[in-house]
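> Quick one: sequence plus predicted model below, questions after.
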Amino acid sequence: MEKLTKTQVPILASYSMPLVLLSAFVINALLVVFHISGGTLRLVLLAGSFPVGFVFGRLIYNKRSHVEIQFDNSTFRVIKGSKEIVTGFWRSYRIVSLVVDQFGKPNLRLYKTKGGEHVDLPISRTNAEPQRFRDYAQSLVTGQRPRGISPQVVEAA
Amino acid sequence: MKSSTTNESAVDLFESRLIRGGTRLIADLTEFFRDYQVDDTTFAIYAKGATRNKGFLLSRFLAWTVLPNYSVSLFCVDEGSALLTTEKVRRTVDTVTRITKDEDLKWAWLVFFSNRDLPPPIVSFISRYDKRELGLAAASTSSRQVVLSNNQVGRSIGRQLKLRKTIGSDHTWKN
């Protein structure tokens, strides 16, 4: 199965920053207890709150918000955090579209019938190139053999 | 065809601009279909949206209080290297007009892409088209010629949708 995923830095930062602040308070309290009240050592130790905060933030992000889309030529799965939120067969759907959300990010929508039941695949939270992935999904939905290109793009730095 | 990458067609480029919010000033197109079939017409792009954009917080509140919420759509036909005829344009206009009525759209855009030069009857038909609820445009990716219909919605295809930029035209084809 191929995977589409990307670290969502703004969400990771929103989980990490409160923990950075919290760990800075804890480190500061320890420095006071050990009578380290000034100098470069205090700054270096306080800067340690960033890696500590980001490590714990990353754990929470992975558990709650990290999105991964796994797919092959017959099935797809969307995993958010530790839960599988959508799974299905491409052939169960008939129409594919790109839906732009309120932040201007395009996601994939699969319809079972015209204007009827549908599922959304949050491709904007992965490294997929929206139009190419839509074309790929459309070829699978319509039963055509997909062109041998991966819809994945190299994650931007 | 003019393209940003080696295998990106003018239609792909046009859709890419629309997805990135190319029409945001007059309408918010939120859903894009490719190769959408209605009767015997296949639209290369069919995009649905509304005049009230969604936005976030303040812009959403302003849009909700100030802007009317009309449904609008964009249809795009890619003729490729086939000859674009007046009959074909008329039939597509009829199909789009019917969809406009069925789906209660305030207005719609209809854009034709062709790899050949635009024949004079097409230029004449489109430049004289003046019905309020449908804006027409035809673009030749070979000669970079763009023709717009003689109405407000048609002119907005040039100004807002930046059709000329999509096909790399620097001509200003006034109606």
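Great, that's in hand. Because the structure is predicted, anything quoted here is derived from the model rather than measured. Numbers count the residues shown, from 1 in each chain, chains lettered A, B, ... in the order given.

> Now the terminal residues of stretch B:111-130, how far apart.
One end of stretch B:111-130 to the other measures 15 Å (C-alpha to C-alpha, to the nearest Å).

> Now do it: distance to the chain's middle.
Offset of stretch B:111-130 from its chain centre (C-alpha atoms, centre = their mean, to the nearest Å): 13 Å.

> For residue A:108, grab the count of nearby residues.
24 (other C-beta atoms under 10 Å in any protein chain shown). C-beta here means a position set from N, CA and C on the backbone, and glycine is covered the same way.

> before we move on, what about the one 10 residues further on?
If you count neighbours by other C-beta under 10 Å, residue A:118 ends up with 15.

> And residue B:39, by the same measure?
Neighbours of residue B:39 (other C-beta under 10 Å): 10.

> nearest residue to it other than its sequence neighbours?
residue B:95 (6.2 Å; C-beta to C-beta, 6 or more residues apart in numbering or on different chains).

> Looks to me like residue A:135 is in a helix.
Yes: applying DSSP: H, G, I helix; E, B strand; the rest coil, one finds residue A:135 inside a helix.

> doesn't residue B:139 fall inside a strand?
Yes: when three-state DSSP is applied, residue B:139 is found to be in a strand.

> Tell me if I'm right that it and residue B:163 touch.
Yes: at 5.6 Å, residue B:139 counts as touching residue B:163 under the criterion of C-beta atoms under 8 Å.

> which neighbours do the two share?
Common neighbours of residue B:139 and residue B:163 are listed as B:111, B:146 (criterion: C-beta atoms under 8 Å, 6 or more residues apart in numbering or on different chains).

> Show me what secondary structure element comes after the helix or strand harbouring residue A:28.
Element membership for residue A:28 (DSSP states H and E) is helix A:9-33. Downstream of helix A:9-33, the next assigned helix or strand under DSSP H and E is helix A:40-47.

> How far away from the center of its chain is that next one?
For helix A:40-47, the distance to the chain centre is 33 Å (C-alpha atoms, centre = their mean).

> Give me the buried stretch members for that helix, please.
Across helix A:40-47, burial judged by 16 or more other C-beta atoms under 10 Å in any protein chain shown covers residue A:45.

> Assumed residue A:114 was part of a helix.
No: counting by three-state DSSP, residue A:114 is not found in a helix; it is coil.

> From chain B, how far off is it?
10 Å (C-beta to the nearest C-beta, to the nearest Å).

> how about that residue, what does it touch?
A:94, A:95.

> can you do 10 Å?
Neighbouring residues of residue A:114 by C-beta atoms under 10 Å, 6 or more residues apart in numbering or on different chains: A:94, A:95, B:36.

> Which phi and psi values does the residue of chain A most remote from its centre adopt?
The outermost residue of chain A relative to its centre, with distances by C-alpha atoms, centre = their mean, is residue A:35 at 42.6 Å. Backbone torsions of residue A:35, given as degrees, to the nearest 10, read phi 60, psi 40.

> what does residue A:104 give?
According to degrees, to the nearest 10, residue A:104 has phi 80, psi 20.

> per-residue confidence at it?
At residue A:104, the pLDDT value in this model is 85.

> any idea how far it is from residue B:49?
13 Å (C-beta to C-beta, to the nearest Å).

> and chain A, which residues reach chain B?
A:95-106, A:109, A:111, A:114-115, A:130-132, A:134-135, A:138, A:142, A:149 (C-beta under 10 Å from any C-beta of the partner chain).

> Pull out the buried members of these.
By 16+ other C-beta under 10 Å, the residues of chain A next to chain B give A:95-100, A:104, A:106, A:109, A:111, A:130-132, A:134-135, A:138 as buried.

> In strands, which of the residues you listed fall?
A:95, A:96, A:97, A:98, A:99, A:100, A:106, A:109, A:111 (DSSP state E).

> list the contacts for the residue lying closest to residue B:104 once chain neighbours are set aside?
Excluding its sequence neighbours, the residue lying closest to residue B:104 (C-beta to C-beta, 6+ apart) is residue B:71, at 6.3 Å. Residues counted as contacts of residue B:71 (C-beta under 10 Å, 6+ apart) are B:27, B:48-52, B:100, B:103-108.

> Using pLDDT, spot the least trustworthy of these.
Within these, lowest confidence goes to residue B:52 (83).

> Test my guess that that one contacts residue B:60.
Yes: with contact defined as C-beta atoms under 10 Å, residue B:52 counts as touching residue B:60 (9.3 Å).
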